[in-house]
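Q: Please work out how this folds:
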Amino acid sequence: MDPIDVFVIALDEGNLRTLEQIPGAERYRFHSLLSVAETQEGQIPIEDLLHKAQQELDDFDGAIGAIVGFWDFPTTALVPMLCAPRGLPSADLGAIVKCEHKYWSRVEQSKVLDDLPKFGIVDLEGEPRLPEGMEYPVWLKPVKSFSSELAFHVDDDQEFAGAVGQIREGVSRVGKPFEFVLDQVDLPAEIADIGGQACLAEETLTGVQAATEGYVYQGEVVVNGALDSIDYPGSPCFLRHQYPSQLPPAIVARMADISERVIARMGLTNSMFSIEFFCDLETGRVSVLEINPRHSQSHADLFLAVDGIPNHHCMVRLGLGLNPDLPRGRGPYEIAAKWYYRRFADAVVQRIPTTAEIEALQREIPGVTIEVVPAEGDRLSDAPAQDSYSYELADIFIGADSEAEMTRKYQRCIESLHFEFDEAAE
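A: Have a look, this model is predicted:
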């Protein structure tokens, strides 16, 4: 039997290794379509990217089995725009946009959920001010951005003005190409008037952070599992994502119920999804933070460690029009996490851990995989898609039999990873 040709937008070596661990991987031949740099760094010429990808697919001498992707925008939009003219399974572009436009998403959520944070649009022209009825503290963020890029927590007018200035300066990088996608969709008048280069203000949510991940196949919403998102103490920056969630079962069940309702409302189908939440353990309040119409590649190794199959399996199966049917609990570990080793001040990187040092540490500590983020000579603030408050030094994937054991493994890793920095370098 000939292999099935699967095109993956911005496929890199790490994710190729993950794809090669899905069931029946020998039946697939994976091709990279566009590059990570083209789709994630600098300005995003989405029309050029769309035409380039279309041409590459047109020139391919063979049958295309699926076109898939696991990155944020523009990948989430490119997949349906490339699949639709070829009759390949994918999510509807309108549903993708409905999830990704943060304001429109809130409007749709309000139709099926009673407990939402206050939200509104901040006019970036003239003299911006908080939407009527809102008070500090709030989060300001573009209606479309990468991860936590250009997201600011503000407590007063001075911080508000500073955040608005930075959002004004940077909103077009993602907002302008997002408007090209908006033009392909039949939008409600309210959303069309707002566009893709606007700023959203939201009431600050409290509690612990968590997430669900799942898929929609032929209209049926399936939650694969729940994960915890744990911050550095006193910071809004993630320390780790861990799977499965260690929250009370009632909270996990509430997240799953909300996930099913909001994903159905969005009209998302033939798609992966991940939803971020804030959970107040004292009151039981579970609040949606954000809906992503894709799975998280950061969770792939976690599902592999605990369930025995990475979540990329679901992406490929949906791309082929098949039921993902992800198994549970077949992995070698009880719990797994992606840890973010960060630095909270800018600097130029003078030294990173060597390949030999990393390999020795991975041999010493079972269940550990380390990926260094910067290169020697890099200024940390020049790295793309960073949050507004910190810089990633390394991503550390750890599997263990308990949360306590996993934490000990992480501490051993960061004690051994030798970085050097020059804070004074221009």
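
Q: how close does residue 294 sit to residue 84?
A: Using C-beta to C-beta, to the nearest Å, we find residue 294 at a distance of 17 Å from residue 84. C-betas here are computed from N, CA, C, even on glycine.

Q: Please settle this for me: is residue 397 part of a strand?
A: Yes. Secondary structure of residue 397 (DSSP: H, G, I helix; E, B strand; the rest coil): part of a strand.

Q: Next up, phi/psi of residue 153, please.
A: Backbone torsions for residue 153, taken as degrees, to the nearest 10, come to phi -90, psi 120.

Q: Number of residues surrounding the closest residue to it other than its chain neighbours?
A: Using C-beta to C-beta, 6 or more residues apart in numbering and skipping the chain neighbours, the partner closest in space to residue 153 is residue 139 (5.6 Å). Neighbour count of residue 139, defined by other C-beta atoms under 10 Å: 20.

Q: Flag the shaky bits of the protein, pLDDT-wise.
A: Across the chain, residues meeting the criterion (pLDDT under 70) sit at 147, 385, 388, 425-426.

Q: circling back to that earlier point, compare residue 294 and residue 84 and say which is more crowded by neighbours.
A: Set residue 294 next to residue 84 and count neighbours by other C-beta under 10 Å: residue 294 wins out with 24 against 12.

Q: and the more buried one, which of the three is it?
A: The three-state label given to residue 294 by three-state DSSP is coil.

Q: check contacts around it.
A: 69, 70, 71, 72, 75, 76, 271, 272, 273, 274 (C-beta atoms under 8 Å, 6 or more residues apart in numbering).

Q: Kindly confirm my reading that the second one is in a strand.
A: No. Going by three-state DSSP, the assignment for residue 70 is coil, not a strand.

Q: State the number of residues packed around it.
A: Neighbours of residue 70 using other C-beta under 10 Å come to 25.

Q: For residue 310, see how far away it is.
A: On the measure of C-beta to C-beta, residue 70 and residue 310 end up 10 Å apart.

Q: circling back: which strand residues bridge the residue nearest to residue 153?
A: Beta-bridge partners recorded for residue 139 (DSSP bridges): residue 153, residue 202.

Q: ok, it touching residue 206?
A: No. With contact defined as C-beta atoms under 8 Å, residue 139 does not count as touching residue 206 (11.9 Å).

Q: domains for the protein, by residue range?
A: Residue ranges for the domains of the chain, per automatic domain parsing: 4-92, 118-203, 208-422.

Q: quick one: which of those is nearest residue 111?
A: Across these, residue 111 has its closest neighbour in domain 208-422 (6.2 Å, C-beta to C-beta).

Q: gap between the closest one and the chain center?
A: Here the centre of domain 208-422 is set off from its chain's centre by 9 Å, with C-alpha atoms, centre = their mean, to the nearest Å.

Q: Would you mind measuring the gap between the ends of it?
A: Counting by C-alpha to C-alpha, to the nearest Å, you get 35 Å between the two ends of domain 208-422.

Q: Stretch 133-146 now?
A: Using C-alpha to C-alpha, the two ends of stretch 133-146 sit 28 Å apart.

Q: Name the residues of that stretch that come out as buried.
A: 134, 138, 139, 140, 141, 142, 143, 144, 145, 146 (16 or more other C-beta atoms under 10 Å).

Q: For the residue nearest to the first one when sequence neighbours are not counted, give its distance to residue 279.
A: Same thing as residue 134. Spatial nearest neighbour of residue 134, excluding adjacent residues (C-beta to C-beta, 6+ apart): residue 118 at 5.4 Å. When distance is defined by C-beta to C-beta, residue 118 is 19 Å away from residue 279.

Q: got the contact list for residue 208?
A: Shown in contact with residue 208 (C-beta under 8 Å, 6+ apart): 228, 230, 247, 278, 279, 281.

Q: would you turn the residues you listed into a markdown table with neighbour count and secondary structure?
A: Listed next are these as a markdown table, based on neighbours: other C-beta atoms under 10 Å; DSSP: H, G, I helix; E, B strand; the rest coil:
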| residue | neighbour count | secondary structure |
| --- | --- | --- |
| 228 | 20 | strand |
| 230 | 19 | strand |
| 247 | 19 | coil |
| 278 | 18 | strand |
| 279 | 24 | strand |
| 281 | 11 | coil |
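
Q: Of these, which is the nearest to residue 177?
A: Among those, and counting by C-beta to C-beta, the member closest to residue 177 is residue 278, at 29.3 Å.

Q: For residue 299, see how far away the closest one is.
A: 19 Å.

Q: And the strands in the stretch 51-200 of the chain?
A: Taking DSSP state E, counting those that start in this stretch as the test, the strands found in the stretch 51-200 of the chain are 64-68, 119-122, 138-142, 152-154, 199-203.

Q: Export those strands to TSV and append columns for distance to residue 256.
A: Below are these laid out as TSV (distance: least, C-beta to C-beta, whole Å):
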stretch	distance to residue 256
strand 64-68	25
strand 119-122	24
strand 138-142	25
strand 152-154	28
strand 199-203	23
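
Q: Those: which one's closest to residue 314?
A: Judging those by C-beta to C-beta, what sits closest to residue 314 is strand 64-68, at 10.1 Å.

Q: For the closest one, which strands pair with it and how are they oriented?
A: Partners of strand 64-68 in its sheet, by DSSP bridges: strand 4-9 (parallel).

Q: got the contact list for the partner strand?
A: Here strand 4-9 makes contact (C-beta under 8 Å, 6+ apart) with 15, 19, 27-34, 39, 53, 57, 60, 62-71, 75, 78-79, 316, 319-320.
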